[in-house]
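# sequence plus the predicted model coming up.
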Amino acid sequence: MSPHFSFVSLGIPARAPLRYPALSMPGSSLVRFMPVSALSSAHRYLVTSTLPHLRSTGDLAKKKTYPALWGLYRDGLLPENTKFFGYARSALTIEEIKENCRPFMNVKSEEETNYQNFWRNHFYVQGTYTQLTDFHKLNEVLCSYEPENGANRIFYLALPPSVFEVVTTNLRKSCVSKKGWTRIIVEKPFGHDDASSEKLSLHLASLFSEDQVFRIDHYLGKEMVQNLMILRFGNGLFSPTWNRLFVASVQITFKEPFGTEGRGGYFDKFGIIRDVMQNHLLQILSLVAMEKPPSIHPDDIRNEKVKVLKCIKPIKKEDVVLGQYVGNPNGKTDEEKKGYLDDPTVPNDSITPTYCTALLKIDNERWEGVPFILRCGKALNERKAVIRIQYNDVPGDIFDKQCKRNELVIRVQPNEAVYVKMMTKTPGMSFDMEETELDLTYSNRYKV
Ligand SMILES: NC(=O)C1=CN([C@@H]2O[C@H](COP(=O)(O)OP(=O)(O)OC[C@H]3O[C@@H](n4cnc5c(N)ncnc54)[C@H](OP(=O)(O)O)[C@@H]3O)[C@@H](O)[C@H]2O)C=CC1
Ligand SMILES: O=C1O[C@H](COP(=O)(O)O)[C@@H](O)[C@H](O)[C@H]1O
């Protein structure tokens, strides 16, 4: 197999970020979730190869993909000779892409030389997503940088789902590696309902074998989400209480302090439920609620997730709150004053939700009766992703109702932490009590 790699990113960072650090306005209407079957595909991680990145101009590309590639390069985790190609419709230079990515790259001053070296391996090709001839052109460019014995190629679709099918068809026809292997990375959402998810899966299966296709949910790569397995199954302390006899409720919250930032073209067709809840929050929920898998093999974990998802009852309309953020008239900046409908990429009459709270019930022996509350929203007051396991009141109270419920809190971001809220005696001569924390804040305990 060729040791050379091309990473093609389709989609590129082009816009300056706007900020909407203000309001959400809960309303209420019917909500439909993607059926569980749409979630049953295995999620696997990709580590590397020729990285053509389809859509090198977008939000994902600048905020996540390029920073992740830089991290891999910096830490020596990419094969030598890896080359990176961006592909999108916009007329861009590598210098512009570099500038657009810079705020998200997290480069330390001592890494500057290495960082400049990283960008020397980048190239950009402009083309449409629909014309096969443009993909032939991309293939020619890739071939011109690859050695005679070929290279492996990874195509990363940082693109709106509306073009996944045409792009993968064109890639299959003109861009597969002749002498190495080819892989395709597909971003969520994988369809917008069961039928479209199935259609996308069948389409991908008609072009590539399953082991060539990588479906990404980037929340599964977050430190504290990965830590859920260890916390639950590596500690005798938590396991015996991880059930309806001890747990009063589970809350999983995602908050973002900015709005769509010009991503309305994508976001408005999907909304917050399909953008964040159906994938990231449900992945977290399944790791919190599933039974212990027989091993840590990805297939075993996937099987347990599917089992618990199948036990979730259909969500009732009255158990959902939806909202769309509006501008804050008292906002300090222009951005704070803008609402969702003020984004020029959003239709003026859009009723797409940017906020959702939903109450889920898991109908199995472990969780019957325990509410799982999922909350997510854009343009809220802060950036935060948190899992909160709230315990029942202490039975047989002898402290005159002073005890607050224990909580195990797993803060996914920012400032990763695991802490237990608990009651303790106030130090000193009195017999007063107060709530305090057993605190494992990662930045205090580890060099992260
Ligand atoms: N943003 C994020 O943080 C995350 C996003 N994702 C997923 O990544 C994918 C891409 O998201 P994101 O980067 O935010 O999206 P963007 O809206 O930023 O779009 C990405 C790029 O696609 C091209 N594009 C935009 N609209 C269209 C259109 N209607 N038809 C064809 N091309 C279009 C544009 O490039 P050009 O015009 O130059 O061709 C644009 O820069 C989505 O599936 C999303 O769910 C996943 C995790 C996180
Ligand atoms: O998938 C998505 O996630 C991001 C939030 O990711 P995070 O790692 O920064 O928490 C969200 O902004 C975007 O709308 C969505 O598509």
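Arrived safely. Ligands and ions are numbered 1, 2, ... in the order given.

# what's the separation between the residue in the chain that ligand 1 sits nearest to and L157?
For the chain, the residue closest to ligand 1 is G58, as judged by Cβ to the nearest ligand atom, at 2.5 Å. Just so you know, the C-beta spots here come from the backbone N, C-alpha and C atoms, and that holds for glycine as well. G58 is 10 Å from L157, where distance means Cβ to Cβ, to the nearest Å.

# give me the nearest residue to whichever residue of the stretch 251-400 of the chain sits closest to ligand 2, chain neighbours excluded.
Nearest to ligand 2, among the residues of the stretch 251-400 of the chain, is D275, at 4.7 Å (Cβ to the nearest ligand atom). Leaving aside its chain neighbours, D275 sits nearest to F267 (6.2 Å; criterion: Cβ to Cβ, 6 or more residues apart in numbering).

# which parts of the helix or strand that neighbour falls within are buried?
In this structure, F267 sits in helix 264-272 according to DSSP states H and E. The neighbour-count criterion (16 or more other Cβ atoms under 10 Å) identifies G264, Y266, F267, D268, K269, F270, G271, I272 as the buried residues of helix 264-272.

# restrict these to those near ligand 1?
Among those, the residues that sit close to ligand 1 (Cβ under 6 Å from any ligand atom) are Y266.

# return the residues of the stretch 101-250 of the chain in contact with ligand 1.
Within the stretch 101-250 of the chain, the positions near ligand 1 by Cβ under 6 Å from any ligand atom are Y129, A158, L159, P160, P161, S162, V163, E187, K188, P189, H218.

# the residues you listed: which two are farthest apart?
Y129 and H218 (22.3 Å; Cβ to Cβ).

# please say which of these two ends up with more neighbours.
Legend: neighbour count by other Cβ atoms under 10 Å for Y129 and H218, higher for Y129 (22 against 15).

# quick check, the more buried one in a helix?
No. Judged by DSSP: H, G, I helix; E, B strand; the rest coil, Y129 forms no part of a helix; its state is coil.

# pretty sure it contacts S162?
No. Using Cβ atoms under 8 Å, Y129 is not in contact with S162, being 9.3 Å away.

# what's the neighbour count on K108?
9.

# in the stretch 151-300 of the chain, which ranges drop under the pLDDT threshold?
Of all residues in the stretch 151-300 of the chain, none has pLDDT under 70.

# hey, where'd the strands end up in it?
152-157, 182-187, 213-216, 247-255 (DSSP state E, counting those that start in this stretch).

# run the chain-centre distance for the first one.
To tie it back to what came earlier, the one meant is strand 152-157. Taking Cα atoms, centre = their mean, to the nearest Å, one finds the center of strand 152-157 at 19 Å from the center of the full chain.

# skip the chain neighbours and tell me the closest residue to the residue of the stretch 101-250 of the chain found nearest ligand 2.
Closest approach between the stretch 101-250 of the chain and ligand 2, counting by Cβ to the nearest ligand atom: H218, at 6.0 Å. With Cβ to Cβ, 6+ apart as the criterion, H218 has its nearest non-adjacent residue at 6.2 Å, and that residue is K64.

# on the three-state scheme, the one you found is what?
Classified using three-state DSSP, K64 is helix.

# check the one 4 residues further on too.
Under three-state DSSP, A68 falls in the helix class.

# tally of neighbours for it?
Neighbours of A68 (other Cβ under 10 Å): 13.

# looking at it now. What's its pLDDT?
Note for A68: predicted pLDDT of 93.

# G150 too?
pLDDT, G150: 87.

# what's near enough to touch F238?
F238 sits next to L231, R232, L408 when contact means Cβ atoms under 8 Å, 6 or more residues apart in numbering.

# same deal with L171?
Applying Cβ under 8 Å, 6+ apart, the residues contacting L171 are L54, F135, F155, I184, L207.

# now that we have those, which one has the most neighbours?
In terms of neighbour count, L54 stands highest of the contacts of L171 at 34 neighbours, by other Cβ under 10 Å.

# near ligand 2, which residues of the chain?
With Cβ under 6 Å from any ligand atom as the criterion, the chain meets ligand 2 at residues H218, E256, D275, V276, A385.

# in PyMOL, how would I select the buried members of the residues you listed?
Entered in PyMOL, the line below selects the buried ones among the residues of the chain next to ligand 2, by 16+ other Cβ under 10 Å:
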select buried, resi 256+275+276+385
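
# ok, the residues of the chain next to ligand 2 vs D363, which is closest?
Closest to D363, out of all of the residues of the chain next to ligand 2 and judged by Cβ to Cβ, is V276, at 24.2 Å.

# nearest spatial neighbour of the closest one, skipping sequence neighbours?
Closest residue in space to V276, ignoring its immediate chain neighbours: C376 at 4.7 Å, by Cβ to Cβ, 6+ apart.

# torsion angles phi and psi at that neighbour?
Dihedral angles of C376 (phi, psi; degrees, to the nearest 10) stand at phi -150, psi 150.

# was I right to think it contacts L282?
No. In this structure, C376 is not within contact of L282 by Cβ under 8 Å, at 10.9 Å.

# so where do the helices sit in the stretch 51-200 of the chain?
Using DSSP state H, counting those that start in this stretch, the helices of the stretch 51-200 of the chain run over 59-60, 66-74, 94-101, 112-120, 132-145, 164-174, 194-207.
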